[in-house]
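Q: any chance you could fold what I've pasted below:
(chains A, B, C and D)
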2 protein chains.
Amino acid sequence: MQFDDKVPIYYQIKNYLYHRMVAGELGLGEKLPAVRQLAVDLTVNVNTVQRALREMIDEGYIAPQRGRGNFVTQDATKIATLKQQLTTTYIQDLYGQLHALKLTDAEIIAEIKTYIQQRGDADDQRN
Amino acid sequence: MQFDDKVPIYYQIKNYLYHRMVAGELGLGEKLPAVRQLAVDLTVNVNTVQRALREMIDEGYIAPQRGRGNFVTQDATKIATLKQQLTTTYIQDLYGQLHALKLTDAEIIAEIKTYIQQRGDADDQRN
DNA sequence: ACTAGTGTTATATCTTTCTATAACACTATA
DNA sequence: TATAGTGTTATAGAAAGATATAACACTAGT
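A: Below is the predicted model:
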């Protein structure tokens, strides 16, 4: 995994894991890879992984079991809420940015549609 | 101005100034506020401002004149390109994030429209 | 009991960012 | 030629983030 050197790595790991949980790649109650394994996979120090997990545990998304592993919460509602929160936050950020660039609502939607359209075309060519 | 403590301040200042240039609040060839003034306005150290400006100068968006001030580039094309770059980058990021959350293209557009719609309603109530 | 696999914590060190403070260099104008 | 306004650079110290390395604590299976 490649990190953005403008943002703390532990923070990016946190978001990465949240994404995997929301996307269902890490299901409810599922055991996460061992911290040392995660550290190897992400080419990062154990303490850095631990820092990310620590915050996720404090926020209740992960339940640690000493000696056994870390497990995704069983709370489906919590994950669903997280998905909605992340979605809204991202959209809010984008809207704020583009609005600051003086794009109108219509222009914003148009730009996004154009981007997705072009992306689709590119996909067609690749496949 | 409030900063995100997850991203270097000098980097946020850079983006802030780019936004103002793209939005036309800082016109072509216009003189920027003095570095010390910017530092006061942003509640930040002069060196931090200077670090942001240094990169913008290296990238050719700002032309410094020792003893006189810093001036926005005269190159309209450069600013137009910047606007397009920023727009595309933001949209690309959003799309990548939401796609990672397993939202479909249609869902992405729908969520954005909903957000803008609700935002408009809120505006109506406020005004 | 031992061992392998796991989470947890600690220490020392390095790098980046930011700060306060100060000085230096140049321009324009009174 | 002063002086005020501007950019530029340097130094020393603080704080946050990462790293390598090591040790400790618990669980499960042999």
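
Q: what about the least confident helix or strand in chain A by mean pLDDT, near chain B?
A: Ranked by mean pLDDT, DSSP states H and E, the helix or strand of chain A with the weakest confidence is helix A:105-126, at a mean of 85. Yes - for helix A:105-126, a contact with chain B is found by CB under 8 Å from any CB of the partner chain, at A:D105, A:I108, A:I109, A:E111, A:I112, A:K113, A:Y115, A:I116, A:R119, A:G120. Yep, even glycine has a C-beta here, placed from its N, CA and C like the rest.

Q: just stretch A:72-80 next, same as before
A: No - using CB under 8 Å from any CB, we find that stretch A:72-80 stays clear of chain B, coming within 11.1 Å at best.

Q: show me which residues of chain A are close to DNA strand D?
A: A:7-12, A:43-48, A:51, A:65-68 (CB under 7 Å from any atom of the strand).

Q: which among the residues you listed count as buried?
A: A:P8, A:I9, A:Y10, A:Y11, A:Q12, A:V44, A:T48, A:R51 (16 or more other CB atoms under 10 Å in any protein chain shown).

Q: re the thing from before, the residues of helix A:105-126 next to chain B, buried ones only, as a PyMOL selection?
A: What follows is the PyMOL syntax for the buried subset of those, where burial is set by 16+ other CB under 10 Å:
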select buried, chain A and resi 105+108+111+112+115+116
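
Q: centroid-nearest residue for chain A?
A: A:H19 (3.2 Å; CA atoms, centre = their mean).

Q: quick one on the thing from earlier: and chain B, which of the residues of chain A next to DNA strand D reach it?
A: Of those, the ones that also sit near chain B (CB under 8 Å from any CB) are A:V7, A:P8, A:Y11.

Q: many thanks, have a good one.
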